[in-house]
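**Student:** here you go, sequence then predicted model.
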Amino acid sequence: MKRRHVAALIVAAAPMLLGACGTARDDAPPPPAAVQTQNVKNVSEITAGSTFNDTDVMFLQMLIDNLEQGQEMAQTAAKRATRPEVADLAKAVQVTQADEIKLMKSWLAEWDKPAELDERVSLHADHGGMPSTGDKEIASLKTVKKAQFETAFLNLFLAHQHNAVEFAQLELDKGGNELAKSFAERVKQSRTDQVQQMLKLLAG
């Protein structure tokens, strides 16, 4: 299949995957009829185009790091969660974020940029952002007592997904690539919905 420059395609892809965990917004407008995710066999076939700036690169690099951490947390939660709702959330996150990581790495490769930062950095220093989730905090999910696991996971993952929302907002404010900005809008929406879902799970 030919590679495509289709911004709306990204908007369509993520919510269909996230729908399994109930995080997609019911009032969100549907993607254009001409853009159907079933026509995309490989997300890496979606090209980003040659116009980009440093914020676009940093957004993708930081979000890849965020998602890879999220994958580790979700994998643990899928095994240790007691409630089906929490396990289902974790499993849906694993599926969705795997495709998002593949997509972002393909764009960075297209721009001849590395997928990883030289070292994990905080956006706080350069862009008024936030720190990443600590590796020790993530590792602690594997050893916390079973009765305390869901509360620990939901609190940590809620903050983690809020970080992704702030990354996305930075891209929307300062990014230069339209496809990356469309993707950032979807990330902002889906993670905001997940945060609300996790707050309900914590309350329940």
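**Tutor:** Looks like it came in fine.
**Student:** what's in contact with stretch 146-161?
**Tutor:** Applying Cβ atoms under 8 Å, 6 or more residues apart in numbering, the contact partners of stretch 146-161 are 66, 69-70, 73-74, 76-77, 80-83, 86, 133, 137-138, 140-141, 144, 191, 194-195, 198-199, 201-202. C-betas here are computed from N, CA, C, even on glycine.
**Student:** what is the mean pLDDT for it?
**Tutor:** Stretch 146-161 shows a mean pLDDT of 97.
**Student:** same check on stretch 73-82?
**Tutor:** Mean per-residue pLDDT for stretch 73-82: 97.
**Student:** what residues sit buried inside that stretch?
**Tutor:** Residues of stretch 73-82 classed as buried by neighbour count (16 or more other Cβ atoms under 10 Å): 73-78, 80-81.
**Student:** in helices only, show me those residues.
**Tutor:** Using DSSP state H, the members of the buried residues of stretch 73-82 that fall within helices are 73-78, 80.
**Student:** ok, of the residues you listed, which one's closest to residue 185?
**Tutor:** Closest approach to residue 185 among those (Cβ to Cβ): residue 74, at 22.5 Å.
**Student:** just to revisit the earlier point, buried subset of the contacts of stretch 146-161, written for PyMOL?
**Tutor:** The following PyMOL line selects those of the contacts of stretch 146-161 that are buried, judged by 16+ other Cβ under 10 Å:
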select buried, resi 66+69+70+73+74+76+77+80+81+86+133+138+141+144+191+194+195+198+201
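**Student:** keep only those of the contacts of stretch 146-161 that are in strands.
**Tutor:** Residues of those located in strands (DSSP state E): none.
**Student:** where are the low-confidence patches of this protein?
**Tutor:** Across the chain, residues meeting the criterion (pLDDT under 70) sit at 1-44, 118-132.
**Student:** burial measure for residue 49, as a count.
**Tutor:** Neighbour count for residue 49, taken as other Cβ atoms under 10 Å: 14.
**Student:** offset the numbering so it begins at 742, please.
**Tutor:** OK, 742 is where the count begins now, so the last one is residue 790.
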